[in-house]
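S.K.: Quick one, what's the 3D model for this:
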Amino acid sequence: MNIRPRRKNLACCISLACIAMAMQPAHADSAYGVDAILGNAFNTGYAGGQRDPDATPSKHTPTGQLYGVPYARDEAVAGATSGWVEIGILSSGADEKAALFRKYKDPQSGLYLNSFGMTTESDNARFLDITGGGVGNDDQFYSLSVGRYNDWKVKAFYSETPHVFTSTYRNLWSGTGTANLTLNPPLVAGPVAPATAATTDIAIGNAALATPYSELSLIRKKGGIRADMNLQDNWKVFASYSNEKRDGARPFGMVSAGGGGTGGVEIPESIDYDTHDFLAGIQYSDALNSATLQAAASLFRNNVGTMTVGNPMFLNAANGIVAAGGVGPFPRAVFDLYPDNDYYNLKGEYARELPDMMKGRFTGVVSLSQSKQNDNLIPSTSYAGATVNAIAGGAWDTVASLSQPTANLKVDINMADFGLSLKPVDDLDVKGKIRYYETQTNSNYQACNPLTGQFGRLTNDGSGAAMFNALQTNGTAMTAGQAAALNAFMAANGCNEAALASYLVANGLVPAAGNVNIRSIPYAYKQMNYTLGADYQLGNSNSINANYERETLERQHRERAETWEDKIKLGYVNRGLENGTLRLSFENDRLRGTPYISDPYDPFYSASLGSPNTGNLAMTSWIHVNSLHRKFDLADRDQNILNGRFNYMVRPDLDAGVSFQLKTAKYPDAVFGLDGRNKQEQNSLNFDLTWQPSAQMTVSGYYAYQDGKSEQNGIQQNACVVGTTYNFWSDGSISTVPQTAAQLAAGVTLVSTTTVTSANFLATCGTASATSPLYATSRAWNVAQKNQSDTLGLGFKFDFSNMTVLDVNYTYSSNRTKISYAYNPYALGILTSGAPTAAQLLTLGLIGGGFSDLVLTQNVVDASVLVPFTKQSSVRVLGRFEAGRIRDWHYDGVAANPTPGTNQQTYLDSGPQHYRTYVLGVMYQYKM
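M.R.: Down below sits the predicted model:
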């Protein structure tokens, strides 16, 4: 706490000293290269001052909008030096620590060097430019540019950006941001008896309530340098390097045990990333040709490759694992975080003017890329002695239990893009383009322990498992002899999938489940885009344009082998309206594809090792998805987009504009997923107004409205057991027993029955229908989401005759999301068919038909007054007032009760809060 003010003061002094030392002849070069735009919340543009009193106001762009009045600048003099520095005091208060307020800014109170800069250029065309701001704070930035015009240039920069994820986190661990998180007393890792899950749940909750709020955030620090040099009149070389470091922590989820897991504790994920980006290239250009050849590399390094966390949950022993040292099972959890990875790219670009070929122009781009990583894999548990499916000796706590010790993964990306534009007649422009894009991968990881030949994996540090096992074809467990023989065969044959599948068939065995992952899926695709467009000039001020594009995608291991989308876009531009311009466009997109295979993934699951044929066997693990469900990126889609923009000069000093977009999409073949019966919509409407009565005064305002709605349907799975008869009742409920007296009394009647057999299970259970035991349409649910946002902005700027400048801006934004749902409570078992209880009716009332609205409303006022004393010196008084209100049902009740259940489910982040805050400052500005 005592270091930060000293750091800020020292940084301010060093920066001021650098300005004094660097006051040599300079002028800024606008071609910055790497990270061209630098700034922070208090430096969003030119440091400013008076507008140019000699500028002619009320000039309009060709589209009818007012130009801004330029700032007054001193006349450029060769060899002269200019610069500025703005330093003062900031004071922030009220809820200034709120996460929503501080998400990307760091308005610390105290001495504040807001900005500085200097430019100079010499008689021999050399220049130097230095800028910076926010010195000593976590949103500081600096830039240095030096060179000689039309010869060479070097640009260096450094910036920091904070990202506050939450300021209401109750941290139960020490070591946040490191590779080891240690539980704080009184909690212990791996509690043992007489503790129970219930008492541990209470202990975690009490510890959380006793822990004060703290912050989880990271700081992004990025610096780099770029050099450009002209070798001859036609040749240029360039090279750059940048490094980005992210350091901090953010909320992360930890789950233990198998299936859905026990608990679910929000832990802090440690972040310590380094990204190194390299770029080098050469360019050539002449009157007809231009070409670029460049190589790039991006190297990501995670300095916290694995993170070990003290586990406060009480867990039962699983898979034969019992921790040593007098603690309960699984006192720690180990996470393998993002791996180090490398990306390389080689790209060539070429363009040629074709003046003798209908004033044409040819462009071409060819790119070869590779992304790869070879991270050291970690074992699925850190505990020795795991016995899985009664098989010991798997050494699951070592990498010897993995099919490969490292990831050895790469993705190759090839791209080629060629375009040709022609002007066959003066009023017609025609453009065509072909683009090819392809990805290939060597992904082929096998989830198998080569020491035992077992397929599958331990989950959650060994507290759960998803392992292959077998049953007899009649659905009963293997005999001891069959199990011993199978285990011996797997151990002898290693991880040979084909041999295991043959053995199961020969010995009358089938996989016990069909959804155990045994191999990674090597997703890859080829994409082709063909585009043809034309723009025809109807007259001096009117034109029409049309564009057609076909996109085809060939995918590996997806529900559709190929999709194609046709996009037709028509446009109209009228610049001849009296005092106005109009732009309209309409786009129609139509996506279709080859037959949709709802589940193409069996080759990568235990279902590939065999299929059940007889017996009393639950089939839910063999049917992975309802065959009528469609994924939105592969489903048939019809989409229409209408855009419009009208600019109008109400009078010479006042312009107005209105723009809109109407976007609808429909998925005609999707019964489940995004609702194919209803349109998904997104609409927006914007108004803007600018009044510029003089060079000294500008008033502006805008209003933006956007709404959207989407619906999706799904089905809650029921059951599908071979040999079972399912009864479907008139209230939507399903049972395997005869009609009850309560149903009879309530008038609930039997509609139909379905018996599942080994021959019909896929047809009967795999597709949603009124009589599907697994996907009964009575168990369907619908979720509708409606969003609305309103944004209002007002701005006022006035330059007084004494050179004082007043600048005030106000922004209001409101965002609301409504989520409603519909379902049959009898079909889902929320209410007992024929005889709902009072407790069930109370629960149904609490569930209702939707969540409370998600609401975020913000009001922001930025104001500043610049008062000059001399031509060089002035004082600026600034203020920012911000208020936000948020309602998010995800966090309801968390602050008062972080463990609402009895299963050790723990919520440690209380979420974003209402806030009201201010920042006030007084700055002294000196220009030279």
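
S.K.: Return the set of buried residues in the host helix or strand of residue 366.
M.R.: When elements are assigned from DSSP states H and E, residue 366 belongs to strand 360-373. Using 16 or more other CB atoms under 10 Å as the test for burial, strand 360-373 gives 360, 361, 362, 364, 365, 366, 367, 369, 371, 372, 373. No exception for glycine: its C-beta is placed from N, CA and C like everyone else's.

S.K.: and if you look at stretch 821-840?
M.R.: Applying a neighbour-count criterion of 16+ other CB under 10 Å, one finds 823, 824, 825, 826, 827, 828, 831, 833, 834, 836 buried in stretch 821-840.

S.K.: And the nearest residue to residue 696 once chain neighbours are set aside, what's its pLDDT?
M.R.: Nearest-residue entry for residue 696: residue 799, 4.1 Å, with adjacent residues in sequence omitted and distances by CB to CB, 6 or more residues apart in numbering. Predicted confidence (pLDDT) for residue 799: 89.

S.K.: Report the separation between residue 799 and residue 290.
M.R.: Using CB to CB, to the nearest Å, we find residue 799 at a distance of 44 Å from residue 290.

S.K.: Neighbour count: those two, which is higher?
M.R.: Using other CB atoms under 10 Å as the criterion, residue 799 and residue 290 rank with residue 799 on top: 23 against 16.

S.K.: isn't the more buried one right next to residue 807, touching?
M.R.: No. With contact defined as CB atoms under 8 Å, residue 799 does not reach residue 807; the gap is 9.6 Å.

S.K.: Identify the contacts common to the two.
M.R.: Contact criterion CB atoms under 8 Å, 6 or more residues apart in numbering; residues shared by residue 799 and residue 807: none found.

S.K.: if I pick residue 596, what's in contact with it?
M.R.: Residue 596 touches 559, 560, 630, 634, 635, 669, counting by CB under 8 Å, 6+ apart.

S.K.: Can you list phi and psi of residue 741 for me?
M.R.: When read as degrees, to the nearest 10, the backbone of residue 741 gives phi -60, psi -40.

S.K.: Contacts only, for it.
M.R.: The contact partners of residue 741, by CB under 8 Å, 6+ apart, come to none.

S.K.: next one: stretch 456-469 to chain centre, how far?
M.R.: Centroid separation for stretch 456-469 versus its chain: 29 Å, with CA atoms, centre = their mean, to the nearest Å.

S.K.: Just the residues contacting it, thanks.
M.R.: If you take CB under 8 Å, 6+ apart as the criterion, stretch 456-469 is touched by 255-259, 261-262, 315, 318-319, 321, 329-330, 332-334, 380-383, 386, 388-389, 396, 447-448, 454-455, 511-513, 516-518, 606, 609.

S.K.: how about 6 Å then?
M.R.: Contact with stretch 456-469 is made by 256-258, 315, 318-319, 321, 330, 333, 380-381, 383, 386, 388-389, 396, 447, 455, 512, 516, 606, as judged by CB atoms under 6 Å, 6 or more residues apart in numbering.

S.K.: try stretch 542-553
M.R.: 525, 527-537, 563-574.

S.K.: Stretch 644-651 now?
M.R.: 63-65, 579-584, 655-660.

S.K.: How about stretch 799-811?
M.R.: In contact with stretch 799-811 (CB under 6 Å, 6+ apart) are residues 50-51, 696, 793-798, 860-868.

S.K.: now swap in stretch 491-508 and tell me
M.R.: Counting by CB under 6 Å, 6+ apart, 446, 448, 450, 452, 453, 473, 489, 609, 610 sit against stretch 491-508.

S.K.: Quick check: the two most widely separated of the residues you listed?
M.R.: Farthest-apart pair in the contacts of stretch 491-508 is 450 and 473; separation 28.0 Å (CB to CB).
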